[in-house]
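> Got a predicted structure here, sequence first:
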Amino acid sequence: MPIVAQVILLAALWVLVGLTSVAFILGRQGHRDWRWYVVGGVLGLLFVPIAVERATRRTTVLERSPSDGGTEGEGVTVLVGVDGSAESDEAVRDTARLFGGTAGRVVLVAAADPDVGEFDLAEPQQRCHDLLADRAAWLPRHVTVVTEVVAGQPARVLLERARTEHADLVVLGRRGSGLSPRLLGSVATLVTKRSPEPVLLAGRPRAGQEREPEAEAVGAATSG
């Protein structure tokens, strides 16, 4: 094989190793910034230990409201994963419908990209904050609602927060709004396998069955 062809082949393999590290190591931990692919492609094999090190970092609570929401109380504590997908929204609706009369506390958790916590990125954090504030309004008024924005891999975030918040039940969508589960792994599958608490999976609502969030919240509150 000519030297030029060998150099091209080695360069291609070098870039491929870096890109694969980003996709399968950082991607599985929730990193979505396209600039990691640039860094990975340039560093190639050298990027592998960097990706492994970043993948082992712990989750970071960016905000919790109310900050004094407590960890225990009367009634059931339900933790709900929120990402804005149709399945996630159905998880919020199911929580309001099934546990509106018995839940003492509902903890809504949004997992942000790990880079948001490390680099203090205000815009993605604000999007998570606004999403949680909107979905919190779907729940009955008599239920204590805690919202949390946590930077980290979604499954790890949900598992750690469920333990910290002493959740009795975890509710999340069967499929989220992220990339292909074949590439990143299914958050629902990981949480179901590893959670010591019961896990309720919500699917995509059938056509015509979605209710207006405001009407649902009022109905749940009056029926509870």
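Thanks, I have the structure now. Numbering: from 1, shown residues only.
> tell me the mean pLDDT over stretch 142-156?
Confidence over stretch 142-156 (mean pLDDT, whole number) is 92.
> again but with stretch 107-127, I slipped
The average pLDDT for stretch 107-127 rounds to 84.
> Please apply the same query to stretch 198-209.
Stretch 198-209 shows an average pLDDT of 76 in the prediction.
> list the contacts for the nearest residue to residue 165 once chain neighbours are set aside?
Setting aside the residues directly before and after it, residue 165 is nearest to residue 107 in space (CB to CB, 6 or more residues apart in numbering), at 5.0 Å. Any C-beta I mention is one placed from the backbone N, CA and C, and that applies to glycine too. With contacts defined as CB atoms under 8 Å, 6 or more residues apart in numbering, residue 107 is in contact with 69, 77, 78, 79, 80, 145, 146, 147, 148, 161, 165, 167.
> ok, now which ones touch residue 128?
Each residue near residue 128 by CB under 8 Å, 6+ apart is listed here: 62, 110, 112, 149.
> So for the lengthiest helix in the chain, what gets flagged as buried?
Among all segments of the chain classified by DSSP state H, the helix with the greatest residue count is helix 3-21. In terms of neighbour count (16 or more other CB atoms under 10 Å), helix 3-21 has its buried residues at 14, 15, 17, 18, 19, 20, 21.
> Pipe those residues into TSV and attach distance to residue 204 and pLDDT per row.
Output for these, formatted as TSV (distance: CB to CB, whole Å; pLDDT from 0 to 100):
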residue	distance to residue 204	pLDDT
14	41	91
15	37	92
17	37	92
18	36	89
19	32	91
20	31	91
21	33	88
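> Distance to residue 35 added to those residues, as a markdown table?
Conversion of these to a markdown table gives the following (distance: CB to CB, whole Å):
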| residue | distance to residue 35 |
| --- | --- |
| 14 | 18 |
| 15 | 15 |
| 17 | 18 |
| 18 | 13 |
| 19 | 13 |
| 20 | 17 |
| 21 | 14 |
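> Give me the domain ranges for this structure.
For the chain, the structural domains run 3-55, 60-223, going by automatic domain parsing.
> how about the strands in this structure?
When secondary structure is read from DSSP state E, the chain shows strands at 60-65, 76-81, 103-112, 144-151, 169-173, 199-202.
> What pairs with the second one, parallel or antiparallel?
Spelled out, that is strand 76-81. In the sheet containing strand 76-81, the strands it pairs with under DSSP bridges are strand 103-112 (parallel), strand 169-173 (parallel).
> Identify whichever of those strands lies nearest to residue 202.
strand 169-173 (5.3 Å; CB to CB).
> if you average pLDDT over the closest one, what comes out?
Per-residue scores along strand 169-173 average to 94.
> re earlier: could you dump the strands paired with strand 76-81 into JSON lines and include distance to residue 121?
Supplementary listing: the strands paired with strand 76-81 in JSON lines, determined by distance: least, CB to CB, whole Å:
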{"stretch": "strand 103-112", "distance to residue 121": "8"}
{"stretch": "strand 169-173", "distance to residue 121": "24"}
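> Residue 125 is nearest to which of those?
Each of those was scored for nearness to residue 125 using CB to CB, and the closest is strand 103-112 (6.0 Å).
> Please look at residue 162 and residue 195 and confirm they touch.
Yes - with contact defined as CB atoms under 8 Å, residue 162 counts as touching residue 195 (6.4 Å).
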